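S.K.: Predicted model, plus sequence, below.
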Amino acid sequence: MIVDKKIMDDAILLFDNGIKEMVLCRRKMMLELRALEKLRKIAEMSLKTF
């Protein structure tokens, strides 16, 4: 029973870390998308001024 609890704790920790990684990756991707949008708008504005 004690062994099972240790395995469960390890599995929960791995699961938590996996979710944290996913959340961080998604946040990073959102920031990158936002940056790309800003760059695109800047590019469009500079093209319009020419």
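M.R.: The structure has been received and is ready for your questions.

S.K.: how far out from the middle of the chain is the one helix or strand M22 maps to?
M.R.: If you go by DSSP states H and E, M22 is part of helix 2-49. Its chain's C-alpha centre and that of helix 2-49 lie 0 Å apart, by C-alpha atoms, centre = their mean, to the nearest Å.

S.K.: For it, give the mean pLDDT please.
M.R.: Mean per-residue pLDDT for helix 2-49: 92.

S.K.: Which secondary structure elements does that helix sit against?
M.R.: On a contact count with 3 or more C-beta pairs under 8 Å, 6 or more residues apart in numbering; DSSP states H and E, helix 2-49 meets no helix or strand. C-beta: built from backbone N, CA, C; applies to glycine.

S.K.: From here on, call the first residue 165.
M.R.: Yes, from this point I'll number from 165; that puts the last item at helix 166-213.

S.K.: since we're on V187, how many residues are nearby?
M.R.: 10 (other C-beta atoms under 10 Å).

S.K.: Contact partners for it?
M.R.: For V187, the contact set (C-beta atoms under 8 Å, 6 or more residues apart in numbering) is empty.

S.K.: any idea how far it lies from M193?
M.R.: Using C-beta to C-beta, to the nearest Å, we find V187 at a distance of 11 Å from M193.

S.K.: so what sits against both of those two?
M.R.: Common neighbours of V187 and M193 (C-beta under 8 Å, 6+ apart) do not exist.

S.K.: residues near K205, how many?
M.R.: 10.

S.K.: for K184, same thing?
M.R.: 10.

S.K.: now do the one 5 residues further on
M.R.: Applying other C-beta under 10 Å, we find 10 other residues in the vicinity of C189.

S.K.: Please apply the same query to L178.
M.R.: 10.

S.K.: Same check on the one 5 residues further on?
M.R.: Neighbourhood size, I183 [other C-beta under 10 Å]: 10.
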